[in-house]
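Participant: what follows is a predicted structure for the sequence shown.
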Amino acid sequence: MTYSKLLLGTDTKKTKLSWFEYIIFSCFKQGWYNCWYSFQNWKDLVLNNYQEYALLKDDDPLELCILNFWDSLEDEIYPKKFLESLLQMVDDIATGKEEVIPMNDVMENLKKWCEEE
């Protein structure tokens, strides 16, 4: 299974990554994580340990384990420019350049709009 991870080894106040940081902390590290997840899925397939892959009653655990295995083989290394844009967004929110709207306010407005129709 694939989980999101923090981009470790980077300064949270930085909005630009050096090529060294990008290669070591993103490409190299994420590549090893991908190998680990692929091995875990393969191990579950070989040892018939795929019962936990079923989320719903009608799901076939074997089929979901196989799908997770093939999905784990995909490349999940993001481009340097994309990671820098995410760091810039975080910095904009932290410095107050972007307004953060609480989810409760969004849900209240959504309920109001639905009731009006």
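Facilitator: Done, it's in.
Participant: what helix or strand is W36 located in?
Facilitator: Secondary structure from DSSP states H and E places W36 in helix 29-46.
Participant: what about that helix, average pLDDT?
Facilitator: Across helix 29-46, pLDDT averages out at 86.
Participant: give the next helix or strand downstream of it.
Facilitator: Sequence order places helix 61-72 as the next helix or strand after helix 29-46, per DSSP H and E.
Participant: may I see the buried residues of that next one?
Facilitator: When neighbours are counted by 16 or more other Cβ atoms under 10 Å, the buried residues of helix 61-72 are found to be P61, L64, C65, I66, N68, F69, S72. For glycine as for every other residue, the C-beta is placed from the backbone atoms N, C-alpha and C.
Participant: what of stretch 80-97?
Facilitator: K80, L83, L87.
Participant: ditto for stretch 98-115
Facilitator: Going by 16+ other Cβ under 10 Å, stretch 98-115 has no buried residues at all.
Participant: and that stretch, C-alpha only, in CSV?
Facilitator: Below are the C-alpha coordinates for stretch 98-115, written out as CSV (Å, rounded to 0.1, in the frame of the first residue of the first chain):
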residue,chain,number,x,y,z
GLU,A,98,-3.1,33.0,1.2
GLU,A,99,-6.3,32.9,3.2
VAL,A,100,-7.1,29.6,4.8
ILE,A,101,-10.8,28.9,5.1
PRO,A,102,-11.8,26.4,7.9
MET,A,103,-13.5,23.3,6.7
ASN,A,104,-16.4,23.9,9.1
ASP,A,105,-17.2,27.2,7.3
VAL,A,106,-17.1,25.5,3.9
MET,A,107,-19.5,22.8,5.1
GLU,A,108,-21.9,25.4,6.6
ASN,A,109,-21.9,27.4,3.4
LEU,A,110,-22.5,24.2,1.4
LYS,A,111,-25.5,23.2,3.6
LYS,A,112,-26.9,26.7,3.2
TRP,A,113,-26.6,26.5,-0.6
CYS,A,114,-28.2,23.1,-0.7
GLU,A,115,-31.1,24.2,1.4
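Participant: kind regards, and thank you for your time.
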